[in-house]
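1. 3D, please:
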Amino acid sequence: MELIEKHASAQSIPTELVLSFVREESSFDPHTESFANAIGLSQLIMPTARRFAKGTGIVVNRESLRDPDSNLQIGTRFMSFLMQKWDNQLSLVPPSYNAGEGAVAKWMKKRSAWDRDAFAEEIPYDETRRYSKRALATYFTYRYLLHGEIPVMPNQFRVQGK
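-> Predicted coordinates:
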């Protein structure tokens with residue numbers, strides 16, 4: 001928890017977001033590796049890890065991605081990037097983390113006027129659709145458990161740049 005809080009704070013993102021991603025990605029097991037070669041607590045693949053490790057001094061390899069501190073440092077940088085990219089619209093972060101921000105940008109071009117719940121139901125990748133729902137539900141659960149509050153999430157997207 002201390003590492004999660006440290007890296008969430010350093011990236012100015014909610015601790016509960018990091019907790020939800022780590023829970024859903026690795027069940028808090030730093031040695032987990034997926035069939036897609038995603039590694040560690042944040043389940044980072046090598047290209048993403050290299051992209052977000054730039055400037056950290058971390059040499060990205062299997063061993064460093066199994067290290068909780070290094071993995072969380074890189075993973076939270078990615079999460080922070082996604083939060084900024086989507087103007088803190090939390091519901092777009094999990095599908096971007098799972099399928100890539102390019103896929104979500106493509107979906108948003110066609111569906112940004114849709115309600116969030118309709119958008120979530122029509123995510124074309126089964127894995128990403130299920131992951132996004134679980135990650136958001138876990139985020140809401142941690143928000144309630146840690147702060148006794150349930151965040152409000154408007155059902156309309158904000159048009160970016162306005």
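
2. Let's verify residue 37: helix, strand, or coil?
-> For residue 37, the secondary structure call by DSSP: H, G, I helix; E, B strand; the rest coil comes out as coil.

3. What residues does it make contact with?
-> 45, 46 (C-beta atoms under 8 Å, 6 or more residues apart in numbering). C-beta: built from backbone N, CA, C; applies to glycine.

4. for it, phi and psi?
-> phi 60, psi 30 (degrees, to the nearest 10).

5. what's the burial count for the residue nearest to residue 38 when sequence neighbours are not counted?
-> Nearest non-adjacent residue to residue 38, counting by C-beta to C-beta, 6 or more residues apart in numbering: residue 45, 5.1 Å away. By other C-beta atoms under 10 Å, 14 other residues sit near residue 45.

6. so who does residue 45 touch?
-> Contacts of residue 45 (C-beta under 8 Å, 6+ apart): 36, 37, 38, 39.

7. neighbours around the first one, how many?
-> One way to gauge burial is a neighbour count; for residue 36, by other C-beta under 10 Å, it gives 9.

8. how far away is it from residue 10?
-> 27 Å (C-beta to C-beta, to the nearest Å).

9. a markdown table for the contacts of residue 45, including pLDDT and distance to residue 152?
-> A markdown table is the format used below for these (pLDDT from 0 to 100; distance: C-beta to C-beta, whole Å):
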| residue | pLDDT | distance to residue 152 |
| --- | --- | --- |
| 36 | 91 | 34 |
| 37 | 95 | 37 |
| 38 | 97 | 32 |
| 39 | 98 | 35 |
